[in-house]
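1. with the sequence up front, the predicted model follows.
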2 protein chains.
Amino acid sequence: MSIATDNFLKALYLLRDEQVAAVMGTQLAARLEISSAAVTDMARKLAERGLVAYTPYREMELTGAGEELALKIIRRHRLWELFLQQVLDMDLKMVHEEAERLEHHASEELMNRIDVFLGHPDFDPHGEPIPRQSGSLPEANGLLELQQAEPGKNYLVARIIIREPEVFDLFARYGIHPGQRLQVIQCYDFDKSMELEVGRRKVLLSEGLVQKIFLNPLN
Amino acid sequence: MSIATDNFLKALYLLRDEQVAAVMGTQLAARLEISSAAVTDMARKLAERGLVAYTPYREMELTGAGEELALKIIRRHRLWELFLQQVLDMDLKMVHEEAERLEHHASEELMNRIDVFLGHPDFDPHGEPIPRQSGSLPEANGLLELQQAEPGKNYLVARIIIREPEVFDLFARYGIHPGQRLQVIQCYDFDKSMELEVGRRKVLLSEGLVQKIFLNPLN
DNA sequence: ATGCAAATTTAAGTAAGCTTAAACTCAAAA
DNA sequence: TTTTGAGTTTAAGCTTACTTAAATTTGCAT
C-alpha cells in the first residue's frame, strides 16, 4: 500500500465521518491538495482493488475492506500523535504533521509496541477515538458527559475534544487534561455554563467548553 | 531530499568507511540493490547538486556537503535504532529495518527530542557511533579497550560492537551490555582470552569477543 | 602495443502519481 | 424541454527512480 492510497482512504473515511453525507470528488481533491483529475484516477484504481465503491459521475464511498484499511491508518496516526505528545513531550501543534508522515512507515509490530507502551489508550491528544487492532472504535458513550455530572461527586477526565489549538491552551492553563480529577461545584441552567473544582482551583466554563469534556466516575 | 538520495549518500559514506579504499559503482549497486545504470544516473544528479565528486568511469566520493548530509542521515538511523531498542524494547534484529524507514520521515525537531530523551547517547545498540548534531563523531578512543583493563579494578561497559546477531545474544546471555559493571579476573596471554566477573558470574571470553568490548573506568 | 573482459555509461522504456486543458455529464433552472 | 455551468472525466504530458540491453571505456595481461 502506497502513501497516496493510505491518504486517499483516510481522507474518504474522515470526510464521510465529519459530514453525514456522501463524499464528492471535489472535497477529496481539496483535502488531499491534488487535482480532481487525480482523484478520479485514484478512485478508479482503488475501485479495481475493491477498496472503494465507485461509478463514474457518482459519489464514492469506502467498501468494507476499504474502511478496514482506513481505520488501520487512522489507528496508526492517532497512536503516533499520542506517543509523540505523551512520551516525547511534543507540542500538540506539531504532533499532527509528524504523525501524518510516520503513520505510513512504522511496522505493525512497532505500532503494537507503541500501543502497549501507552497502555492501549482509547483517545488521542485531540480527544479523537483510536481504532483498536480489531477495527472497533472505543465508544465515547461509555463516558459521562460533563453536563450530566452530579455536583459533589468526583470524576476523572477521560477525554477532551480539541479541534482548535486555542482550546488546548485554555484547558492546559486550567490544568484540565485526561487523567485529571475534578468536581462539579454548580451548574448554571440559564446558559448551561458550569463551575468546577480542578485541583484546588475553581474554574468557570461556558457551554461550548463543557461539551468538550467527558468523564469517568471516580470510585 | 528524497529517500533515494538519502540512501545513496548513506551507502557511499558507509562503504567508504568499511573498506579504506574509494567506492566503485558496482559495490554501491549491490548494497542499494539497484542496477549500476541507476547508480550512474544518481551519481550524475548528485554531482550536479554538489554532493558527490564524480567523473565518468572514475570512482566517486562524497563532497564536504555530501558527507555532512550522510552523517545527518546516519545520526537519524542510529538514534532511531537505540530508541526502538531501549524505549520500546524492540528486538535488535528488527531495529535496523525499522530505522531504515523511519530515518527518512522524522522532523529535525523529533530527532532532537529523541536525542534528549536518550540523554545524548554516543553509541547505537550495535556499538556504532552516533554522529552529533554538529556533525562530529564520538571517538571510541576516549574509551578503554578491554584488553588494556587492569585486573581488580572496576569498569563500566561503554560500547559493544555487534555486527553479528549471534554476538548480541551471546553477550545478552552473560549479562554484558552497555552500562554493566565488570572486573577483569585474569588475562591469558597465550591466546589473549580473558576471564571476567560480570555481576557475580565469571565469564571466559575469546580474543575476538574481547575486542568487541570497550570500557570506562569506574571512579 | 594490443586485445579483451569487466565495469561503466547511454539509450530507451516502465510505473506511479501527479499536472493542465479539453471534453463530457448531469441536474437543476429557465 | 432545452440550456447551462458546476463538477467530473479523458487525454496528453511530466518527473522520479528505476529497469534492460546495447555501446563504450578502462586497465590489465599478454
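-> Done, it's in. These figures come from a predicted structure and were not determined experimentally.

2. please see if the longest helix along chain A touches chain B.
-> Counting residues, the longest helix found in chain A (DSSP state H) is helix A:64-86. Yes. Contact of helix A:64-86 with chain B (Cβ under 8 Å from any Cβ of the partner chain) involves residue A:84. For every residue, glycine as well, the C-beta is placed using N, CA and C.

3. using PDB, list the CA coordinates for the helix or strand following that helix.
-> On the C-terminal side of helix A:64-86, the nearest following helix or strand under DSSP states H and E is helix A:92-102. Extracted in PDB, the C-alpha atoms of helix A:92-102 (Å, rounded to 0.1, in the frame of the first residue of the first chain):
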ATOM      1  CA  LEU A  92       0.300  19.500  20.200                       C
ATOM      2  CA  LYS A  93       0.600  21.800  17.200                       C
ATOM      3  CA  MET A  94       3.400  19.700  15.700                       C
ATOM      4  CA  VAL A  95       2.100  16.300  16.500                       C
ATOM      5  CA  HIS A  96      -0.300  16.100  13.600                       C
ATOM      6  CA  GLU A  97       2.000  16.700  10.800                       C
ATOM      7  CA  GLU A  98       4.700  14.500  12.300                       C
ATOM      8  CA  ALA A  99       2.200  11.600  12.700                       C
ATOM      9  CA  GLU A 100       1.000  12.300   9.100                       C
ATOM     10  CA  ARG A 101       4.400  11.100   7.900                       C
ATOM     11  CA  LEU A 102       5.200   8.400  10.500                       C
END
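
4. ok, and what's touching the following helix or strand past helix A:92-102?
-> For helix A:92-102, the following helix or strand on the C-terminal side (DSSP H and E) is helix A:108-117. By Cβ atoms under 8 Å, 6 or more residues apart in numbering or on different chains, the surrounding residues in contact with helix A:108-117 are A:75-76, A:79-80, A:83, A:87, A:106, A:121, A:133, B:84, B:87-90, B:94, B:98.

5. now the helices for chain A?
-> Listed in chain order, the helices of chain A (DSSP H) span A:3-18, A:25-32, A:36-48, A:64-86, A:92-102, A:108-117, A:165-173, A:207-210.

6. for residue B:52, which of those helices is the nearest?
-> Closest to residue B:52 of the helices of chain A is helix A:92-102 (Cβ to Cβ; 26.4 Å).

7. ok, the longest helix of chain A near DNA strand C or not?
-> No. Judged by Cβ under 7 Å from any atom of the strand, helix A:64-86 stays clear of DNA strand C, getting no closer than 13.9 Å.

8. buried set for that helix?
-> Residues of helix A:64-86 classed as buried: A:66-67, A:69-85 (neighbour count, 16 or more other Cβ atoms under 10 Å in any protein chain shown).

9. and what of stretch A:126-135?
-> A:126, A:127, A:128, A:129, A:130, A:131.

10. tell me the spacing between the nearest residue to the first one once chain neighbours are set aside and chain B.
-> Read it as residue A:126. Using Cβ to Cβ, 6 or more residues apart in numbering or on different chains and skipping the chain neighbours, the partner closest in space to residue A:126 is residue A:162 (4.7 Å). Distance, residue A:162 to chain B, using Cβ to the nearest Cβ, to the nearest Å: 20 Å.

11. one more: residue A:8?
-> 19 Å.

12. contacting residues for the closest residue to that residue other than its chain neighbours?
-> The spatially closest residue to residue A:8, leaving aside those adjacent along the chain, is residue A:42, at 5.2 Å (Cβ to Cβ, 6+ apart). For residue A:42, the contact set (Cβ under 8 Å, 6+ apart) comprises A:4, A:5, A:8.

13. and the pLDDT for residue A:42?
-> Per-residue confidence (pLDDT) for residue A:42: 96.

14. distance check, it against chain B.
-> From residue A:42 to chain B the distance is 22 Å (Cβ to the nearest Cβ).

15. just residue A:96 next, same as before
-> Distance from residue A:96 to chain B, by Cβ to the nearest Cβ: 12 Å.

16. I'd like the buried residues of stretch A:126-135 laid out as CSV, including pLDDT.
-> Converted to CSV, the buried residues of stretch A:126-135 look like this (pLDDT from 0 to 100):
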residue, pLDDT
A:126, 89
A:127, 84
A:128, 91
A:129, 92
A:130, 96
A:131, 96
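
17. will you turn those into TSV that also has distance to DNA strand C?
-> Shown next, in TSV, are the buried residues of stretch A:126-135 (distance: Cβ to the nearest atom of the strand, whole Å):
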residue	distance to DNA strand C
A:126	25
A:127	29
A:128	24
A:129	27
A:130	26
A:131	23
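
18. and of those, the nearest to residue B:210?
-> residue A:130 (48.2 Å).

19. show the contacting residues for the closest one.
-> By Cβ under 8 Å, 6+ apart, the contact set of residue A:130 is A:74, A:75, A:78, A:79, A:82, A:121, A:122, A:123, A:124, A:138.

20. what's near enough to touch the fourth one?
-> Think residue A:79. A:111, A:114, A:115, A:118, A:121, A:124, A:130.

21. may I ask which two of these are separated the most?
-> So, those by Cβ to Cβ: farthest apart are A:111 and A:124, at 13.4 Å.

22. higher neighbour count, the two?
-> Of the pair residue A:111 and residue A:124, residue A:124 is the one with more neighbours under other Cβ atoms under 10 Å in any protein chain shown, namely 25 against 19.

23. ok, back up a step: my read: the residue nearest to residue A:126 touches residue A:124, true?
-> No. Contact criterion Cβ atoms under 8 Å: residue A:162 and residue A:124 do not qualify, at 9.5 Å.

24. quick check: phi and psi on the residue nearest the centre of chain A?
-> In chain A, the residue lying closest to the centroid (Cα atoms, centre = their mean) is residue A:128, at 2.1 Å. When quoted as degrees, to the nearest 10, the phi and psi of residue A:128 stand at phi -80, psi 140.

25. quick revisit: deepest-packed of the helices of chain A, please.
-> Mean neighbour count (mean count of other Cβ atoms under 10 Å in any protein chain shown) peaks for helix A:64-86 among the helices of chain A, with a mean of 21.

26. quick one, that one and helix A:108-117 angle?
-> When axes from the mean of the first three to the mean of the last three Cα atoms, to 10 degrees is applied, the directions of helix A:64-86 and helix A:108-117 differ by 50 degrees.

27. any idea of the mean pLDDT in helix A:64-86?
-> 96.

28. mind checking how far that helix is from the chain centre?
-> Relative to the centre of its chain, helix A:64-86 is centred 9 Å away, using Cα atoms, centre = their mean, to the nearest Å.
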